[in-house]
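Asks: Make a model of this:
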Amino acid sequence: MNDADYQALEDRYALPLYSKRGVTIVRGSGALLFDAQGREYVDCTAGIGVANVGHCHPRVVAAISEQAQRLITCPNVFYNDTRSRLLQTLVQTAPGILTRAFLCNSGAEAIEAALKFARLHTGRPNFVSAMRGFHGRTMGAVSATFTKKYRAPFEPLVPGFQYVALNKIEQLEAAVDEHTAAVLLEPVQGEGGVNIANAEYLVAARRLCDERGALLIFDEIQTGFCRTGKFFAHQHCNVVPDILVLAKAIAGGVPMGATLLAENITVSEGHHGTTFGGNPLACAAALAAIDIMREEKLDERAASSGAYFERRLQAEKLARVRDVRRLGLMVGIELKEKAQPVLSALLENGVLALPAGATVVRLLPPLVIEEPQLDRVVAALHTALQ
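Replies: Numbering: from 1, shown residues only. Prediction:
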C-alpha cells in the first residue's frame, strides 16, 4: 500500500470530523516525524501537546513492552502494583495539598470528573470559566467552553455555566457567588490563542474561591508536565488549586488523564468510575515519562529552549507577525492575517504546527527538541512569512 491508499482508507471509513492535512505520518523519533514517503518533519505539534518527552522515547517504549508482557488491564476493584506506584508518583509531584487522584483516559474525562466532584463536595450547581478557554468535547466539558462553534450544535448543554474574560478580576468578582461550585481556569489558554493568565488574576481567583466557598480548578491538560518551563504552569505564580486536571503528556503518548483533589474534598464509593482508567499499560508509560521529565529536567529545558526560540524569531523582524506569546515551549504567534495559509507553507517546508484560532500559529514541540531543529523552524517561518 502507498500513501494515497492509506489516505483513501481513512477518508472512506472514518467519520469526517477532522480537517486532514495531506501527509501520512508513520514513524517518529524525538522531535521528528516521518511520512509514508520517508520525508522528515520537525514536529511542533507533539500530538497536540502530548509527546513532551519526544516520540518513541526508548524508556517509554521499554516500559510499555515490559508491562504488556505481564498485565495490560486490571479493573479498579482490584489493587495493582503499577497503578499504585503511579498514584504515589503523581501526588508526590503535585503541590502538597493535592493528595488523591482519579485516573482516566483523556483530558475531557478528567474535566468531567472534576465538575462532578466539585458539585458533589460543595452541593452547589454553578461554574465560572473563562472566555476563549477550551476544556474538551464531552457534554460537561463543552458546557464549560465559551466558544460558540464548539457549543451551538449540541445545545441545550449542561446548565449552570457562566463565562468571564480572562485577566478581568472585576468580572470574576461579580460572577462568583454562593451558588458557584467552582471556578475553572487554564493558566494558559492553548486552543484560545496561547493567552496567558497573569499572576494577579490567578491570585484573585484563589482569594475569591476561599472567601465565597467555591473550589478552584486548574485545567493543566496542555500546560502540565514541564511544557511552560515549570512542572505545572500554576507554579509560576504559586497559586495552588483545589482540583488539578491533567492529561496529554502524562503518559508519553499513551492515552491517560488524571484528576487530583485536595485532601478535604470527599468522594465516596460509587460516585464515579471508569473501566479503562488506570490500566497498568498506561500507568507504566506514565511512570517512565515522569521519570524522564525529572531526570532530563525538561522543565528547565523548556524554559531555555523557549527563550532561545523567541530570540531567534525576534531577530527575523517578521512584519506579518502582530505578537508572540510564550511561556516555556508553549508559543503562540499571532499574525496580521489568517493562520491556515502559513500552516500550509510550514508543512511544505518540513515543519508541522497547529492553529489556535483564526490568526494564531501555535507551536508545541517535544521538549527534547534541539537548537538546530528550532533553527529549522525559524527558517521555515521566515520563508512562510516573507
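Asks: Quick check, Ala356 in contact with Val188.
Replies: No - when contacts are counted by CB atoms under 8 Å, Ala356 is not listed as touching Val188 (10.6 Å). Where C-beta positions appear, they are placed from N, C-alpha and C, glycine not excepted.
Asks: anything in contact with each of the two?
Replies: Overlap between the contact sets of Ala356 and Val188, as judged by CB atoms under 8 Å, 6 or more residues apart in numbering, is given by Val194.
Asks: which one's the longest helix in the chain?
Replies: When the chain is parsed with DSSP state H, its longest helix is helix 298-316.
Asks: just how off-centre is that one within its chain?
Replies: Distance, stretch centre to chain centre, for helix 298-316: 20 Å (CA atoms, centre = their mean, to the nearest Å).
Asks: which parts of that helix are buried?
Replies: Leu298, Asp299, Arg301, Ala302, Ala303, Ser305, Gly306, Phe309, Arg312, Leu313 (16 or more other CB atoms under 10 Å).
Asks: Which residue is the nearest non-sequential neighbour of the last one?
Replies: I take that to be Leu313. Nearest in space to Leu313, with sequence neighbours left out and distances taken as CB to CB, 6 or more residues apart in numbering, is Val378 at 5.7 Å.
Asks: same thing with the third one?
Replies: Once its chain neighbours are removed from consideration, Arg301 has its nearest residue in Leu367; the separation is 5.6 Å (CB to CB, 6+ apart).
Asks: Ok, the second one next?
Replies: Leaving aside its sequence neighbours, Asp299 sits nearest to Cys226 (CB to CB, 6+ apart; 4.1 Å).
Asks: Now name the helix or strand holding the one you found.
Replies: Counting by DSSP states H and E, no helix or strand carries Cys226.
Asks: thinking it is in contact with Gly306, fair?
Replies: No - Cys226 is not in contact with Gly306 according to CB under 8 Å; the separation is 11.0 Å.
Asks: Determine the residues that are contacts of both of these two.
Replies: Common contacts of Cys226 and Gly306, defined by CB under 8 Å, 6+ apart, comprise Gly328.
Asks: would you say Val324 is within a strand?
Replies: Yes - assessed with DSSP: H, G, I helix; E, B strand; the rest coil, Val324 lies in a strand.
Asks: What about it, how many residues nearby?
Replies: 16 (other CB atoms under 10 Å).
Asks: who touches the closest residue in space to it that isn't next to it in sequence in this structure?
Replies: Take Val324 and drop its neighbours on the chain: the residue closest to it by CB to CB, 6+ apart is Ile333, 5.6 Å away. By CB under 8 Å, 6+ apart, the contact set of Ile333 is Leu313, Val321, Asp323, Val324, Val360, Val361, Arg362, Leu363, Leu381.
Asks: what about 10 Å?
Replies: Contact analysis of Ile333 by CB atoms under 10 Å, 6 or more residues apart in numbering lists 194, 313, 318, 320-326, 339, 342, 353, 356, 359-363, 381, 385.
Asks: Report the strands that pair with the host helix or strand of it, each with its relative direction.
Replies: Ile333 belongs to strand 330-335 when elements are defined using DSSP H and E. According to DSSP bridges, strand 330-335 forms sheet pairs with strand 321-327 (antiparallel), strand 360-363 (antiparallel).
Asks: Return the most buried member of these.
Replies: Each of the strands paired with strand 330-335 was assessed for mean neighbour count using mean count of other CB atoms under 10 Å. The highest is strand 360-363, with a mean of 25.
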